[in-house]
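Asker: need a 3D model of the following:
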Amino acid sequence: MIEPRKPPVMNDGLPGWLKSRLFSTPLNTITTLVILYGFYLAVPAFWNWAVTEATWQASGSEECSSSGACWAFVNVRLNQFTYGFYPVDQQWRVDLFFLQLAVVIGWITLPRLKGKGWALAYGLLVMPFASWAMLYGGFAGLQTIETHLWGGLMLTLLLALCGMIASFPFGVLLALGRRSKLPMVRAFSTAYIEIWRGVPLITVLFMASVMLPLFVPENVVFDKLLRALIGIVMFQSAYIAEVVRGGLQAIPKGQFEAFASLGLSYWQGMIKIILPQAIRLVIPGIVNTFIALFKDTSLVLVIGLFDLLAIVQSGLSDPVWLGNAVEGYLFAGLVFWLFCFGMSQYSKRLEKQL
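Answerer: Purely as a prediction, here's the structure:
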């Protein structure tokens, strides 16, 4: 006879979840208690500094509480953090850029909305040029706003979006070129990828700012922001190429033989059969590269462009607001984290859908 066994342990509900996830073994129990004690020490102190004793309205650092955060610095300079040095009476154009971006992203990401193909086509083919024309002006009565006045969050988003949109097709072509059977195409693609991956982005930005004007006629004025965008696209496309090449290598050889047996040309097979499967496999890698690009936009400070982080740093040098570095960097870090976390969450949902 089988001896009577103990009834199964209840793992349902909150007690069961806590027991199975946090207190399942003595080591897990000790680790959980240590982490909870750390939260007990850190969270109340941070809450007291950031909220309870914080100063939200002030005209200078001297009016802020010495024991709490001085969020008045962020509150007073929020307009500059968002628009840079863009003229106040023309900031409605930046608001239209933000609105256009929010509508396109919302249309693509919200699952129940139809016409996503049109929204994606507009976002990739029309929105970059329309946004540049609207922000720069010089036509239809719009005042021309030179790019050295652009800055803040607007410039960060513009650099990241243009870099993502433009580098992706170049990266795909380089990945296909590196796997090409044509020796010249394969050699050029390999050399391009290895050279640009072996150079830091800060060096690329210096080259784009200093060296690129030497290769154009003297009477041609090459905008500094445009030079930075070209450098970012050339740098980022090399990383995209390697991510996509990893996806191409994961496709079974039978898929290539299958489209060839159907009489499809090389480009027909790649566009309709191979690339959709390869890109689906490397969505995490592509999004990781885009997140790195979004954060690396802060390096444009070295060539005199003031993105969000650079605007925050310039605000810290104001004698009226000395000593608010923690608040400024926390605000900039929170903004970067929100955008990066949003991209990460959307990529996870896209992986499940596909």
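
Asker: C-alpha only now, for contacts and for neighbours.
Answerer: Fine.

Asker: for C70, see how far away the residue nearest the centre of the chain is.
Answerer: Central residue of the chain (C-alpha atoms, centre = their mean): F294, 3.2 Å from the mean position. Distance of F294 to C70, given as C-alpha to C-alpha, to the nearest Å: 27 Å.

Asker: ok so, going back, how about the residue nearest to the centre of the chain, secondary structure?
Answerer: Of the three states, F294 takes helix according to DSSP: H, G, I helix; E, B strand; the rest coil.

Asker: what number of residues lie near the closest residue to it other than its chain neighbours?
Answerer: Once flanking residues are discounted, F294 sits nearest to A160: 5.1 Å by C-alpha to C-alpha, 6 or more residues apart in numbering. Using other C-alpha atoms under 10 Å, A160 has 21 neighbouring residues.

Asker: V220 too?
Answerer: Other residues close to V220 by other C-alpha under 10 Å number 8.

Asker: what helix or strand does it sit in?
Answerer: Using DSSP states H and E, V220 is not contained in any helix or strand.

Asker: give me every residue that touches it.
Answerer: If you count contacts by C-alpha atoms under 8 Å, 6 or more residues apart in numbering, V220 has none.

Asker: and the pLDDT at it?
Answerer: We note a pLDDT of 70 for V220 in this prediction.

Asker: likewise for R93?
Answerer: So R93 comes in at 93 (pLDDT).

Asker: my read: it touches Y136, true?
Answerer: No - assessed by C-alpha atoms under 8 Å, R93 is found out of contact with Y136, at 9.4 Å.

Asker: mind checking how far the residue nearest to L149 when sequence neighbours are not counted is from S237?
Answerer: What sits nearest to L149 in space, not counting adjacent residues and going by C-alpha to C-alpha, 6+ apart, is F85, at 4.8 Å. Distance of F85 to S237, given as C-alpha to C-alpha: 30 Å.

Asker: out of these two, which sits in the busier spot?
Answerer: Counted by other C-alpha under 10 Å, F85 and S237 do not tie: S237 has more neighbours, with 28 against 18.

Asker: tell me how many other residues surround P26.
Answerer: P26: 10 surrounding residues under other C-alpha under 10 Å.

Asker: check the gap between it and F39 for me.
Answerer: Between P26 and F39 the distance is 20 Å, computed by C-alpha to C-alpha.

Asker: residues in contact with W196?
Answerer: W196 neighbours (C-alpha under 8 Å, 6+ apart): 234-235, 238.

Asker: in which helix or strand would I find it?
Answerer: Going by DSSP H and E, W196 is part of helix 183-197.

Asker: any idea how far that helix is from the chain center?
Answerer: Relative to its chain's centre, helix 183-197 lies at 26 Å (C-alpha atoms, centre = their mean, to the nearest Å).

Asker: then stretch 101-121?
Answerer: For stretch 101-121, the distance to the chain centre is 18 Å (C-alpha atoms, centre = their mean).

Asker: got the CA coordinates for it in PDB?
Answerer: C-alpha atoms of stretch 101-121 as PDB (Å, rounded to 0.1, in the frame of the first residue of the first chain):
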ATOM      1  CA  LEU A 101       5.000  62.500 -33.800                       C
ATOM      2  CA  ALA A 102       2.500  61.500 -31.000                       C
ATOM      3  CA  VAL A 103      -0.200  60.900 -33.600                       C
ATOM      4  CA  VAL A 104       2.000  58.700 -35.800                       C
ATOM      5  CA  ILE A 105       3.400  56.700 -33.000                       C
ATOM      6  CA  GLY A 106       0.000  56.200 -31.400                       C
ATOM      7  CA  TRP A 107      -1.500  55.100 -34.700                       C
ATOM      8  CA  ILE A 108       1.200  52.500 -35.200                       C
ATOM      9  CA  THR A 109       1.300  51.200 -31.600                       C
ATOM     10  CA  LEU A 110      -2.400  51.100 -30.700                       C
ATOM     11  CA  PRO A 111      -3.600  47.600 -31.700                       C
ATOM     12  CA  ARG A 112      -7.200  48.400 -32.600                       C
ATOM     13  CA  LEU A 113      -6.600  51.200 -35.100                       C
ATOM     14  CA  LYS A 114      -6.600  50.400 -38.800                       C
ATOM     15  CA  GLY A 115      -4.500  51.900 -41.600                       C
ATOM     16  CA  LYS A 116      -1.200  51.200 -39.800                       C
ATOM     17  CA  GLY A 117       0.500  50.800 -43.200                       C
ATOM     18  CA  TRP A 118      -0.400  54.300 -44.200                       C
ATOM     19  CA  ALA A 119       0.700  55.700 -40.900                       C
ATOM     20  CA  LEU A 120       4.000  53.900 -41.100                       C
ATOM     21  CA  ALA A 121       4.500  55.100 -44.700                       C
END
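
Asker: least trustworthy helix or strand in this protein by mean pLDDT?
Answerer: helix 13-21 (a mean of 78; mean pLDDT, DSSP states H and E).

Asker: keeping just the C-alphas, turn that one into PDB.
Answerer: Taking Å, rounded to 0.1, in the frame of the first residue of the first chain, the C-alpha atoms of helix 13-21 are listed here in PDB:
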ATOM      1  CA  GLY A  13      -3.100  33.900  -4.200                       C
ATOM      2  CA  LEU A  14      -0.700  36.400  -2.700                       C
ATOM      3  CA  PRO A  15       0.500  34.100   0.100                       C
ATOM      4  CA  GLY A  16       1.300  31.400  -2.400                       C
ATOM      5  CA  TRP A  17       3.100  33.800  -4.700                       C
ATOM      6  CA  LEU A  18       5.200  35.200  -1.900                       C
ATOM      7  CA  LYS A  19       6.200  31.800  -0.700                       C
ATOM      8  CA  SER A  20       7.100  30.400  -4.100                       C
ATOM      9  CA  ARG A  21       8.900  33.500  -5.400                       C
END
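
Asker: brilliant, that's me finished.
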